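quick one: sequence and predicted model below, then my questions.
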Amino acid sequence: MRSLSSFASDDTNISGEEDRMGGRTLESSVYDMEIEMAYMDKSKGGAHSINFVFKASDGSSLKNTTYFTNKQGKTYWEKNSERHFLPGYNIFNAICLLAVGKPFTSLATEEKMVNVYDFNQKKEVPVSKEVVLDLIGSKIKLGVLKIIENKSKINSVGKYVKINEKRTINDIDKVFRSKDDLTTIEVRAQKSVGEFMTKWMERWDGVDKDSYEEVKVDPEAEEAAPTPDDLFGKSA
């Protein structure tokens, strides 16, 4: 068993979550969900993620990978000497608080075999992962966005760049408590009515978030990387 307390922060100056608008692809709306799976993972670059599988009341499912640290392992970003928790940190923490009444840093994981999609084998294969067992079977309401964005590909220098092709994805924009529709902010304010969910639905219900943009520069038309000798130039 591994405790998630190592991701806790004792810095009270970091800004937390705010109530702000912000299988098949779900339409933008609020969905009643049950958490079927929640396991930890880490990117090649070092960022930590929580990987969810949610099941909606109509039988549809939603898979979501939420990064709650950056590549350096930090849970916040900083601008003008002000620190703010990463959006993924706020989403992960809100799910834990509203589903089981605890911050994620007070939960623990256990090694379990999980079916994970293998891109090389093109199928799901069992892999040992750290599973957050306390979350499994819990109920939650999710404000899910249907997002239209650019596809990306690896260019000639090994970097991912946007291309002029569209893809449609889902992302979790807001989290609400199942029994009363409250957000974490409203719970802390001791409100009895979930007012923000109504505002969220007025803004986003059935509305696509279109983030697609035409790529003005051909990602393949890049200057050749200079060789070590070119960097020094030729002597006169």
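Here it is on my side, so go on. Residues are numbered from 1 along each chain as shown.

quick one, helices of this structure?
87-100, 184-188, 195-204, 228-232 (DSSP state H).

any residues touching the longest one, and which ones?
Residues outside helix 87-100 that contact it (Cβ atoms under 8 Å, 6 or more residues apart in numbering): 16-17, 35, 49-50, 52, 66-69, 75-76, 85, 102-105, 107, 134-135, 138-140, 172, 175-178, 182-184, 187. The way it works is simple: take the backbone N, C-alpha and C, and place the C-beta from them, glycine included.

now the residue sitting nearest the centre point of the chain: how far from Phe104?
Central residue of the chain (Cα atoms, centre = their mean): Thr66, 2.5 Å from the mean position. According to Cβ to Cβ, to the nearest Å, Thr66 and Phe104 sit 11 Å apart.

give me the common contacts of these two.
With Cβ under 8 Å, 6+ apart as the test, Thr66 and Phe104 both reach 50, 92.

surely the residue nearest to the centre of the chain meets Phe52?
Yes. Taking contacts as Cβ atoms under 8 Å, Thr66 lies within contact range of Phe52: 7.1 Å.

tell me the pLDDT of Arg20.
Note on Arg20: pLDDT of 40.

report the contact partners of the residue lying closest to Asp41 once chain neighbours are set aside.
Closest residue to Asp41 apart from its sequence neighbours, by Cβ to Cβ, 6 or more residues apart in numbering: Ser49 at 4.9 Å. Residues near Ser49 by Cβ under 8 Å, 6+ apart: 40-43, 65-68, 88.

residues in a beta bridge with Ser49, which ones?
Listed by DSSP bridges, the beta-bridge partners for Ser49 are Asp41, Tyr67.

tell me how far it lies from Asn150.
For Ser49, the distance to Asn150 - Cβ to Cβ - is 22 Å.

tell me the pLDDT of Gly206.
98.

isn't it right up against Ser29?
Yes. Gly206 is in contact with Ser29 according to Cβ under 8 Å; the separation is 6.7 Å.

residues shared between the contacts of the two?
Joint contacts of Gly206 and Ser29 (Cβ under 8 Å, 6+ apart) do not exist.

who's more crowded, those two?
Ser29 (16 against 9; other Cβ atoms under 10 Å).

once you drop chain neighbours, what's closest to the more buried one?
Ser29's closest residue in space is Asp205 (Cβ to Cβ, 6+ apart), at 5.2 Å.

from the contacts of Ser49, which would you call buried?
40-41, 66-68, 88 (16 or more other Cβ atoms under 10 Å).
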